[in-house]
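J.: give me a model of this one.
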Amino acid sequence: MKALVIDTGSRTHFTDIPPPEGCQEGEVLIEVQRVGLCGSDLNTWRGFNPLAVYPCIPGHEIGGRVAAVGAGVTNCGPGDRVVALPCTECGVCSACLNNRPNACKNNQTLGVQRRGGMLSMLAVPAGKVLVCNELGYDELALVEPLSVGLHAARRAQINVGEWVAIIGCGVIGLGAITAAAAMGARVVAIDIDNRKRNVALSCGAERFYNSGEADIATAMSLLDDGRGPAVVIEAVGLSSTIEQAVDLVAFTGRVVYVGYAKKPVTFDSARFLLKELDIRGSRNATVADFRAVLALMEQRRYPLDLLITGHYPLGKADKAFVDWAADPGAVTKILIDL
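T.: Okay, the predicted model is just below:
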C-alpha cells in the first residue's frame, strides 16, 4: 500500500509498504478514509518538530472504517466508523498514575514517533478507537485537534460569565473557543489574519481582534470593567504570544499554554508574583475530551464548512504541505482523502 514519508529537510516521497497481515488479539484494523494535517505535521515537514523520528509517516488526525477486529475486541466491529486516539500511555509514570495519561512521560504519538495514518490500512489497539456512526469521515478527522483545544479550555477551569481570551485561531484555538463558549464564557478571539474572523465568531467568539491592527493590550484591559480576561489560552506557540499572555491576563487569572515555542522564552518573573497567576500546560487530550467533542459535533456546534479549507488525494499530499507553507493564514484544516 502507498504511504507518504517525510524525510528531513522538507523532503517527501511515496513508498509501498506491505499491509498489516490481519489483526492481532486486541487490535482493530482501520481502513483510513481521512487524515487531517496538523501544525505539528507541518513542523515535521519543515524540520522544526523536535519529537519527530525520521523518516516519518505522518498522520494522527484519523477518521476511518473498521475493516477487521482481532480476538477479544468488543467495542467495535467491521463497518463501524471510528476515530483513532493517537497517543500511548505507559501506565507507570507519574502522569499515568495521576490519571492524566494524555501527559504520559513516555508517550509515543502516531505520525511522530510511530507510523501514522497516511496510508490505507492501520492497526491500532482496540482501546484507541471510538465509534461514531452518526458522523462522516470529514468530521471524524477533525475530532482529535478539536479535542486538544477542548482539553485546554478544561484545563482553564472556566466559570460561567468569565472573559476568556484565546490567542490563535487555528483548529486547536477554534476548538478552545467552541469549548469555552459551551462552558458559558464570553470569548475573545485573537489572530494575525482577518480571514480567521468569520470562523472564530461562528465557533462562539463574542469578539475578534487582529493583533496586527488593534492595540491588544488596551482592548484586553477594558474587559470585565477594566479587570481584563480571567483566562488567556495561548494556541500559537510563539515566544512573543507566550510572553504576551502573562501581560494580558487579569490579576489572579489563569494562563493555559497549548502551543509551545521553538526557542527559549523570557519572562518577567515579577508578573507571576504580583498577579499571583496560575500557569498551566495543556497536552494532547483524554478519552473524555474526545467524547465531549463527538457530542458537540452531533449538536452541530462546529461550522464544518468554515473549518475545512480543502481536500487533497493521498497522491498529492506532498503538494498540500507546499501549498500550506506558502500561505499559512489561508488554511484552517486540510484533509487528505484516502
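J.: OK, contacts around the closest residue to Val53 other than its chain neighbours?
T.: Distances taken as Cβ to Cβ, 6 or more residues apart in numbering put Gln113 closest to Val53, at 5.1 Å, once the chain neighbours are dropped. All C-beta atoms are positioned from the backbone trio N, CA, C, and that covers glycine. Residues counted as contacts of Gln113 (Cβ atoms under 8 Å, 6 or more residues apart in numbering) are Leu51, Ala52, Val53.
J.: okay, the last one: pLDDT?
T.: Confidence at Val53, expressed as pLDDT, is 93.
J.: wait, it sits on Val112?
T.: Yes: because the distance of 7.2 Å satisfies Cβ atoms under 8 Å, Val53 is recorded as touching Val112.
J.: give me the nearest residue to the residue most central in space within the chain, chain neighbours excluded.
T.: The chain has Pro145 as the residue nearest its centroid, 2.6 Å off, counting by Cα atoms, centre = their mean. In space, and not counting its chain neighbours, Pro145 is closest to Val171: 4.3 Å by Cβ to Cβ, 6+ apart.
J.: quick one, domains of the protein?
T.: Residue ranges for the domains of the chain, per automatic domain parsing: 2-133+308-337, 149-281.
J.: ranges for the helices of the stretch 101-250 of the chain?
T.: Secondary structure of the stretch 101-250 of the chain (DSSP state H, counting those that start in this stretch): helices at 137-155, 171-182, 197-202, 216-221, 223-226, 239-248.
J.: got the buried residues for stretch 328-338?
T.: Within stretch 328-338, the residues that count as buried by 16 or more other Cβ atoms under 10 Å are Val331, Thr332, Lys333, Ile334, Leu335, Ile336, Asp337, Leu338.
J.: actually stretch 140-147, sorry about that
T.: Using 16+ other Cβ under 10 Å as the test for burial, stretch 140-147 gives Leu140, Ala141, Leu142, Val143, Glu144, Pro145, Leu146, Ser147.
J.: for stretch 244-259, same thing?
T.: So, applying 16+ other Cβ under 10 Å, buried residues of stretch 244-259: 244-250, 253-259.
J.: roughly how far apart are Leu97 and Lys128?
T.: Computed as Cβ to Cβ, to the nearest Å, the Leu97 to Lys128 distance reads 20 Å.
J.: more neighbours: the two, which one.
T.: A side-by-side neighbour count of Leu97 and Lys128, using other Cβ atoms under 10 Å, places Lys128 first with 19 against 11.
J.: contacting residues for the closest residue in space to that one that isn't next to it in sequence?
T.: Counting by Cβ to Cβ, 6+ apart, Leu85 is the residue found nearest to Lys128 once chain neighbours are left out, at 4.5 Å. Counting by Cβ under 8 Å, 6+ apart, Leu85 touches Lys128, Val129, Leu130, Glu144, Val287, Phe290.
J.: next: Glu298.
T.: Here Glu298 is in contact with Cys132, Glu134, Leu135 (criterion: Cβ under 8 Å, 6+ apart).
J.: swap in 10 Å and give it another go.
T.: Glu298 sits next to Cys132, Glu134, Leu135, Glu139 when contact means Cβ atoms under 10 Å, 6 or more residues apart in numbering.
J.: my guess is Cys76 meets Val129, correct?
T.: Yes: taking Cβ atoms under 10 Å as the definition, Cys76 is a contact partner of Val129 at 5.8 Å.
J.: what touches both of these two?
T.: Val28, Ile30, Val66, Val69, Val82.
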